[in-house]
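Peer 1: Give me a model of this one.
(one chain, ligands or ions: 1)
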Amino acid sequence: MIIVESLTKKFGSNTILENINLKLEKGKIYGFVGQNGSGKSVLFKMIAGFMSPTQGKIKVNNMQIGKDRDFPESCGIIIESPGFINNLSGFKNLKVLADINGIITDNKIKEYMKFFGLNPDDKKKVKDYSLGMKQKLGLIQALMEDQEILILDEPMNSLDEETVVKVRKLLKEIKHKKIILLSSHNKEDIEELCDVIYQVKDRTIKMIESIA
Ligand SMILES: Nc1ncnc2c1ncn2[C@@H]1O[C@H](COP(=O)(O)OP(=O)(O)OP(=O)(O)O)[C@@H](O)[C@H]1O
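Peer 2: Numbering: from 1, shown residues only. I've put the predicted structure just below:
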């Protein structure tokens, strides 16, 4: 479970989020919607341990992020454009990341690449990948280790329609064993996928029934 308690985030005198309280449980996809600059990515970065709150706490499975642990223990993340090693192929990039934890085989990486329509044997360097191909790699690195928490900030960006349909189906299939946080400017993604929708607006986060 993810618990956000009395969380405030300021940059200098600019308050982005104020006194936020959330409880996010396994088995659900939580959608976060809101205008550009409303604070969705900032919230996600704090839950991922990439940024600290100004006040308040984030607890993941009873561990306070930034105190008991630097990062949540089992978390797949795609926030903004993921950084890759430009001179390596897609497979080699994923392999470098997979080797950090050493919990998945090369075959698992290849399966994911094929699922996303990327050829694992393609020697093309990531610097020559299209935007959508890079986004697919970003999604694969977030998903491939079957982590318990998925933080997906605009995961469908630059993806073609066929891939969007596949990703939606996959998220629905795996959500029972995960806590999934998803932000999207696409109404259909949010309404089709999310069990709970939060609107981030005017420094607060409110649950809403559907997108207006
Ligand atoms: N490191 C930082 N330093 C100063 N201000 C920041 C920093 N990171 C984010 N901000 C500000 O925090 C606010 C929220 O940004 P955030 O990226 O969370 O918006 P968002 O809701 O994800 O927007 P979008 O829909 O455009 O992705 C913005 O005003 C942004 O400029």
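Peer 1: Report the contact partners of L193.
Peer 2: 29, 31, 168, 171-172, 182 (C-beta atoms under 8 Å, 6 or more residues apart in numbering). From N, CA and C alone the C-beta is placed, and that goes for glycine too.
Peer 1: L131 too?
Peer 2: By C-beta under 8 Å, 6+ apart, L131 lies in contact with S158.
Peer 1: And it, how close does it get to the ligand?
Peer 2: Counting by C-beta to the nearest ligand atom, to the nearest Å, the gap between L131 and the ligand amounts to 16 Å.
Peer 1: what do you get for M144?
Peer 2: From M144 to the ligand the distance is 24 Å (C-beta to the nearest ligand atom).
Peer 1: follow-up on the earlier one: hmm, which of the contacts of L193 are the buried ones?
Peer 2: Among those, those buried by neighbour count (16 or more other C-beta atoms under 10 Å) are 29, 31, 168, 171, 182.
Peer 1: interface residues of the chain facing the ligand?
Peer 2: 11, 16, 34, 36-42 (C-beta under 6 Å from any ligand atom).
Peer 1: Recalculate using a threshold of 5 Å.
Peer 2: Residues of the chain lying near the ligand by C-beta under 5 Å from any ligand atom: 11, 16, 36-42.
Peer 1: what's the nearest residue to K187 if we skip its chain neighbours?
Peer 2: Using C-beta to C-beta, 6 or more residues apart in numbering and skipping the chain neighbours, the partner closest in space to K187 is I211 (5.1 Å).
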